[in-house]
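Undergrad: Below: sequence and its predicted model.
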Amino acid sequence: EAQVTQNPRYLITVTGKKLTVTCSQNMNHEYMSWYRQDPGLGLRQIYYSMNVEVTDKGDVPEGYKVSRKEKRNFPLILESPSPNQTSLYFCASSLGYPIGTQYFGPGTRLLVL
Amino acid sequence: AQSVTQLDSQVPVFEEAPVELRCNYSSSVSVYLFWYVQYPNQGLQLLLKYLSGSTLVESINGFEAEFNKSQTSFHLRKPSVHISDTAEYFCAVSEGDSSYKLIFGSGTRLLVRP
């Protein structure tokens, strides 16, 4: 089954404790992206990757890091989480242009205390 | 800068009534337009898209949207809604073939009542 998986689905952590949210897709997609969803703000792009070892900032990259060492994986790293990073996070992938035809993961709900 | 506006944060409607969810965008170049749907506690799913050609596009579950370039709009419509259509709907825009960014609106929650 074609899918995008994320782990963990739920996470409670404390300020400053480094964490990683994993994302994996089995569709051989070149493009992958991370979004955060906050009430009233819709989805905002954090980082995206056009292919292996090629990443770029989205609209809200502060406080986040990503890497793309393999085509299927695109982890999101919070080096020092803060309460304002409490949010619902989605990973998505796309075969290529147009990048709007994206497949989304189930989401990771993060609470930073 | 590119932006997407969904004016209605919530739209309550009775079952079998028609509905329109509004979406306006701002862009100085050609765009691709999308509607995504998010059912409770799930990720987003692509509902329909406009890339080129006919300005009226349809989904398999009865929704349709019309691209209006002069009004920079891409409103979503359904002539008769079901309880199962209750979800949040997001309009999204990407700027043609040169953009790696997808810009989302703030979403409209469609609440279908019996």
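TA: Ah, there it is.
Undergrad: use CA for all of it now, contacts and neighbours both
TA: OK.
Undergrad: can you pull out the strands in the chain?
TA: All of this is about chain A. Under the criterion DSSP state E, strands of chain A are mapped to A:4-7, A:10-13, A:19-25, A:31-38, A:42-51, A:54-57, A:65-66, A:76-78, A:87-94, A:103-104, A:108-112.
Undergrad: The chain in question should be chain B.
TA: B:3-5, B:10-14, B:19-21, B:24-26, B:32-38, B:44-50, B:56-58, B:64-68, B:73-78, B:87-94, B:103-104, B:108-113.
Undergrad: coming back round to it: can you say which of the strands of chain A is nearest to residue B:11?
TA: strand A:42-51 (15.9 Å; Cα to Cα).
Undergrad: Give me the contacts around that closest one.
TA: With Cα atoms under 8 Å, 6 or more residues apart in numbering or on different chains as the test, strand A:42-51 has contacts from A:30-37, A:55-61, A:64, A:66, A:68, A:71, B:90, B:100-107.
Undergrad: Tell me which of the strands of chain A is the most buried.
TA: strand A:87-94 (a mean of 25; mean count of other Cα atoms under 10 Å in any protein chain shown).
Undergrad: Tabulate the strands of chain A in a markdown table, adding columns for mean pLDDT and distance to residue B:70.
TA: Output for the strands of chain A, formatted as a markdown table (pLDDT from 0 to 100; distance: least, Cα to Cα, whole Å):
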| stretch | mean pLDDT | distance to residue B:70 |
| --- | --- | --- |
| strand A:4-7 | 96 | 37 |
| strand A:10-13 | 96 | 44 |
| strand A:19-25 | 98 | 38 |
| strand A:31-38 | 95 | 30 |
| strand A:42-51 | 92 | 25 |
| strand A:54-57 | 93 | 31 |
| strand A:65-66 | 98 | 39 |
| strand A:76-78 | 98 | 39 |
| strand A:87-94 | 95 | 29 |
| strand A:103-104 | 92 | 30 |
| strand A:108-112 | 97 | 39 |
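Undergrad: Residue B:47: which of those is closest?
TA: Nearest to residue B:47 among the strands of chain A is strand A:103-104 (11.4 Å), distances taken as Cα to Cα.
Undergrad: Relative to chain B, which residue of chain A is the closest?
TA: Going by Cα to the nearest Cα, chain B is nearest to residue A:42 of chain A, at 3.8 Å.
Undergrad: On the strand side of things, show who that residue bridges to.
TA: residue A:38 (DSSP bridges).
Undergrad: List the contacts of the closest residue to residue B:17 other than its chain neighbours.
TA: Nearest non-adjacent residue to residue B:17, counting by Cα to Cα, 6 or more residues apart in numbering or on different chains: residue B:80, 4.9 Å away. Contact partners of residue B:80, counting by Cα under 8 Å, 6+ apart, are B:15, B:16, B:17, B:18, B:19.
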